[in-house]
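Trainee: Model the following, please.
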Amino acid sequence: MLLPPDMREWLGADHAVWLVIGAVHGHLDTSAAHRMRRAGGRGAAGYDPDMMVALLAWAYGQGVTSSRRIEQLCRTDVAFRVICGGRAGPDHVTIARFRAGLGPAAADLFASVLRLCARLGMGRLGVIALDGTKIAASASKSANRSRDRLAELAGELVAAHAAADAAEDALFGPGVRGDELPPEVADPRTRDERIAAALADLQAERDAEQAARDAEAAEYLEAAAAGTPPPGPRPAGADVAAAQLRLDRLTQAQEAKVASWQRRNAEKKAATGTGLPERPPKPPAEHAKVKRAAERVEKAKQRAAERDRKNGQAQATGARPVKVRNITDPHSRLMPVRGGGFIQGYNAQVVASEDGLILATTVTQDTTDVAWFAPMLEQAQAAARLITGCRPPGSTQPGQIGLVLADAGYLSEDNLTCDGPDRIIAVGKRRDLEQAARTGKRAGRDGTGPATTAMAERLKTPEAITAYRHRGHIAETPHAHIKHNMGFRQLTMRGKPKATAEWTFTAAVHNLLKAITTGHLTSQALTTLAS
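Mentor: Sure, this is the predicted structure:
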């Protein structure tokens, strides 16, 4: 025999795969995975969900995300065979379906791994850090289409479907194609549905932006009608309306003067036989202020027309980027990356602890980070409560978050003043902060709010700048481990819900591997926890 009959002799007792198997089968809550659809083909015995979770966790930890490659390794790699119990592992279709169906189970697994790490004494909460990283989607940049092109494709598909329906009706009779599939086999992820989804999403964003502009213009016009227009330039949508509002007000005022003079003149004539000595006021069309206001209305209309012309020209020539959507993964976005260029992907937010655990994570469609400080902080506080409740007796670790570190991408007055623990958010680039701390000069932008100004002054102090120097190591190390050590640089799932589930599962695997590599998760520790 090439291998011993006892599988426990296939690998050394200190091999990490035993720790993954022991953690998944004995110490993680996999009930959500058990509630999923049965893993296995029709007519065959289903696979144990715990085994499937351990298999995916080990594969992702080794940088293997292809379901076909995982199927191959289940036959040729000893560690993969041990996870599968020595028999042939699941085929790639079963693996792919199980992974695609993780959904909410991924979040439950992430929380369960976090609880296990807390029981092992991990999760230092004194200083935590927040950062975002761009992760490529399972889609190509070349699959992006503009709104006009999406509408054109949708029209072509409608015409193609109509022609196909007519041909099938002529061949098979009305309502029958002749090649129908059972409902459970039909694939809903068709190209025309993705095009429709992309077009609808783009239109929804366009409508939301227009509604925001209309609301801003309406707010300005309401204040202007009350005689208290806010300072600063008018919103683009209110320019013509504001000028017309002023013209109407001056015209009405002048008409009132003319009517008043005519009434008083008639009364004096009736009483004395002679009219008023002063000259009558000019009609509105001849009054200087009214004429100037009318000229302003025409100029505002000309500016609006010129603005529309330039916008159209800029989009036609490519001088201004046209909003696009991807027909492979309509939820993904073009994301700018460090060093220049773009990828088609998502923005993954991660909150990490001092000892390298990922406390909270999610996947967003926003190219910037600023809107996600408060939501991620709330998730991190929930994770801190979970960790504190699972710590071993006698733990001396702090029970709550002491300090939150974030780079300038999260800088805003709201983020500096929202509820939560103490925080240091950079007001500029790292080199500018270091120079400001040495020289006392201001770092960051001028004309900012009071909270930002106070943060800039705080970052000049030795204590604050020393604390902020730890941000890069705490926040960016998990990203580096996932992308470089685990080799996870691109999602395999499409659509934001599934992409979020896959990234969350990857973060859980990161935490599990962190517990193993730091020596917290050992065979002895698993035995102790079981007892």
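
Trainee: hey, what's the residue most central in space within the chain bridged with?
Mentor: When CA atoms, centre = their mean is applied to the chain, the residue found nearest the centroid is Thr364 (1.3 Å). Beta bridges link Thr364 to Asn347 when assigned by DSSP bridges.

Trainee: Which residue ranges of the chain form strands?
Mentor: For the chain, the strands defined by DSSP state E occupy 127-136, 144-146, 324-326, 333-336, 342-352, 358-364, 403-406, 422-425.

Trainee: so which of those strands gets nearest Ala13?
Mentor: strand 358-364 (28.7 Å; CB to CB). (Glycine included, C-beta is placed from N, CA and C.)

Trainee: now that closest one: mean pLDDT?
Mentor: Averaging pLDDT along strand 358-364 yields 96.

Trainee: now swap in stretch 212-224 and tell me
Mentor: If you average the per-residue pLDDT over stretch 212-224, you get 70.

Trainee: which residues sit in contact with Leu28?
Mentor: Taking CB atoms under 8 Å, 6 or more residues apart in numbering, we find Leu28 in contact with Val53, Leu109, Ser112, Val113, Leu116.

Trainee: Now render those residues as JSON lines, adding pLDDT.
Mentor: Formatted as JSON lines, the contacts of Leu28 follow (pLDDT from 0 to 100):
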{"residue": "Val53", "pLDDT": "94"}
{"residue": "Leu109", "pLDDT": "94"}
{"residue": "Ser112", "pLDDT": "95"}
{"residue": "Val113", "pLDDT": "95"}
{"residue": "Leu116", "pLDDT": "94"}
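
Trainee: now, among those, which is nearest to Ala13?
Mentor: Looking across the contacts of Leu28 and measuring by CB to CB, the closest to Ala13 is Leu116, at 20.5 Å.

Trainee: Could you count how many residues lie near the closest one?
Mentor: Number of residues near Leu116 (other CB atoms under 10 Å) recorded here: 25.

Trainee: That one touches Ala23, doesn't it?
Mentor: Yes: Leu116 is within contact range of Ala23, at 6.3 Å (criterion: CB atoms under 8 Å).

Trainee: joint contacts of the two?
Mentor: With CB under 8 Å, 6+ apart, Leu116 and Ala23 have common neighbours Leu512, Leu521.

Trainee: sorry, back to before: out of the strands of the chain, which gets the lowest mean score?
Mentor: Averaging pLDDT over each of those puts strand 144-146 lowest, since it has a mean of 66.

Trainee: So which of the strands of the chain is nearest Ala100?
Mentor: With distances scored as CB to CB, the stretch of the strands of the chain nearest to Ala100 is strand 358-364 (15.5 Å).

Trainee: can you pull the buried residues of the closest one?
Mentor: For strand 358-364, burial by neighbour count (16 or more other CB atoms under 10 Å) applies to Ile358, Leu359, Ala360, Thr361, Thr362, Val363, Thr364.

Trainee: Hmm, Lys429 is touching Gln435, no?
Mentor: No: Lys429 lies out of contact with Gln435 (CB under 8 Å); the separation is 9.7 Å.

Trainee: shared neighbours of the two, which are they?
Mentor: By CB under 8 Å, 6+ apart, no residue touches both Lys429 and Gln435.

Trainee: Break the protein into its domains for me.
Mentor: 7-101, 122-139+331-495, 146-325 (automatic domain parsing).

Trainee: what about the shortest one, distance to the chain center?
Mentor: Going by CA atoms, centre = their mean, to the nearest Å, the spacing between the C-alpha centre of domain 7-101 and its chain's C-alpha centre is 30 Å.

Trainee: May I ask which helix or strand of this protein has the lowest mean pLDDT?
Mentor: helix 147-172 (a mean of 55; mean pLDDT, DSSP states H and E).

Trainee: residues in contact with Thr417?
Mentor: Ala451.

Trainee: all helices of the stretch 251-400 of the chain, in order?
Mentor: 288-317, 373-390 (DSSP state H, counting those that start in this stretch).

Trainee: ok and the last one relative to strand 127-136, angle-wise?
Mentor: Comparing the axes of helix 373-390 and strand 127-136 via axes from the mean of the first three to the mean of the last three CA atoms, to 10 degrees yields an angle of 120 degrees.

Trainee: so where's the stretch 251-400 of the chain uncertain?
Mentor: Scanning the stretch 251-400 of the chain for pLDDT under 70 picks out the ranges 311-322.

Trainee: Report the separation between Glu193 and Ile327.
Mentor: With distances taken as CB to CB, to the nearest Å, Glu193 is found 10 Å from Ile327.

Trainee: Looking at the two, which is more packed in?
Mentor: A count of neighbours by other CB under 10 Å puts Ile327 above the other of Glu193 and Ile327, at 22 against 13.
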